[in-house]
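Undergrad: Show me how the following folds:
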Amino acid sequence: MREGSLKKIIVCGAVILSLCFLGGLLAGEEFQARLLGQSAHYSSQAEKFIISIDGYSTTEEVFGLAEVLSQEGYEPFMEAFRGIVKGFVRPVGGRGVKIPIHVAHSLPTEKGRRIVLFTQRQTWDTEVQQKTDPRFTFMAFELNVDDKGKGDGKIYEQARIRITTQGIMELESYNAAPLQLWGVSLRKS
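TA: Next up is the predicted model:
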């Protein structure tokens, strides 16, 4: 076999493996999680969450949002942000509440991965009045899972975001202590 043919086979194999891996990430995942303890602000009906991720955000999508923000301003940015739906967070027993996920990242870590999800700030308990700060207009979910999809996480109910030069949306700061998630696990399909 000639050297050029072997290189083509290796490159094609690498592309196929990459597409298979990417296809797995794009196919969607579903996690379940529980709030750590019962908060005085939330009913016991909203302690368990189902987090359905249909696909992860691309750098092009995030750079597109950054471009809208820099060229057109905050309101067009929020309209574009709300126009992207990467999945939903549903509190089990939360009276039909589905919180749309607008940006989703799966970032590798030493022991697995960190999944970061961004939504518009809102509450899943309609009976509770939250004190809100207009500077913190996002909500972020952070899941830290091992290679088997098990771990823990946090919910930042009032968050600010920033976009990195690598096309990743990050949590910049938050206004209230995060809610702890435990029992995070990838649900088998």
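
Undergrad: quick one: the strands in the protein?
TA: Assigned by DSSP state E, the chain shows strands spanning 29-35, 48-53, 87-91, 99-101, 103-108, 112-120, 138-146, 150-163, 169-174, 179-186.

Undergrad: I'd like the ones you listed as TSV, with distance to residue 78, mean neighbour count and mean pLDDT appended.
TA: Using the backbone N, CA and C atoms, a C-beta is placed for each residue, glycine as well. Below are the strands of the chain laid out as TSV (distance: least, Cβ to Cβ, whole Å; neighbours: other Cβ atoms under 10 Å; pLDDT from 0 to 100):
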stretch	distance to residue 78	mean neighbour count	mean pLDDT
strand 29-35	26	19	94
strand 48-53	21	20	94
strand 87-91	19	20	93
strand 99-101	13	20	96
strand 103-108	12	17	97
strand 112-120	8	20	97
strand 138-146	10	21	96
strand 150-163	11	19	94
strand 169-174	13	17	94
strand 179-186	24	17	94
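
Undergrad: Kindly reformat those strands as CSV containing distance to residue 63.
TA: Shown next, in CSV, are the strands of the chain (distance: least, Cβ to Cβ, whole Å):
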stretch, distance to residue 63
strand 29-35, 24
strand 48-53, 20
strand 87-91, 21
strand 99-101, 19
strand 103-108, 12
strand 112-120, 15
strand 138-146, 18
strand 150-163, 8
strand 169-174, 10
strand 179-186, 29
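
Undergrad: of all those strands, which lies closest to residue 77?
TA: Closest of those to residue 77 is strand 150-163, at 10.2 Å (criterion: Cβ to Cβ).

Undergrad: Pull up the pairing partners for the closest one, direction included.
TA: Strand 150-163 sits in its sheet next to strand 138-146 (antiparallel), strand 169-174 (antiparallel), strand 179-186 (antiparallel), going by DSSP bridges.

Undergrad: nearest to residue 90, of these?
TA: Nearest to residue 90 among these is strand 138-146; the distance by Cβ to Cβ comes to 12.1 Å.

Undergrad: picking that back up, can you say which of the strands of the chain is nearest to residue 69?
TA: Of all those, it is strand 150-163 that lies closest to residue 69, at 7.9 Å by Cβ to Cβ.

Undergrad: ok, the residue nearest the centre of the chain - contacts?
TA: Nearest residue to the geometric centre of the chain (Cα atoms, centre = their mean): residue 117, 1.8 Å. If a contact means Cβ atoms under 8 Å, 6 or more residues apart in numbering, then residue 117 has 51, 53, 86-87, 89, 101, 103-105, 140-143 as its contacts.

Undergrad: picking that back up, dump the strands paired with strand 150-163 into TSV; add distance to residue 122 as well.
TA: Output for the strands paired with strand 150-163, formatted as TSV (distance: least, Cβ to Cβ, whole Å):
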stretch	distance to residue 122
strand 138-146	7
strand 169-174	15
strand 179-186	14
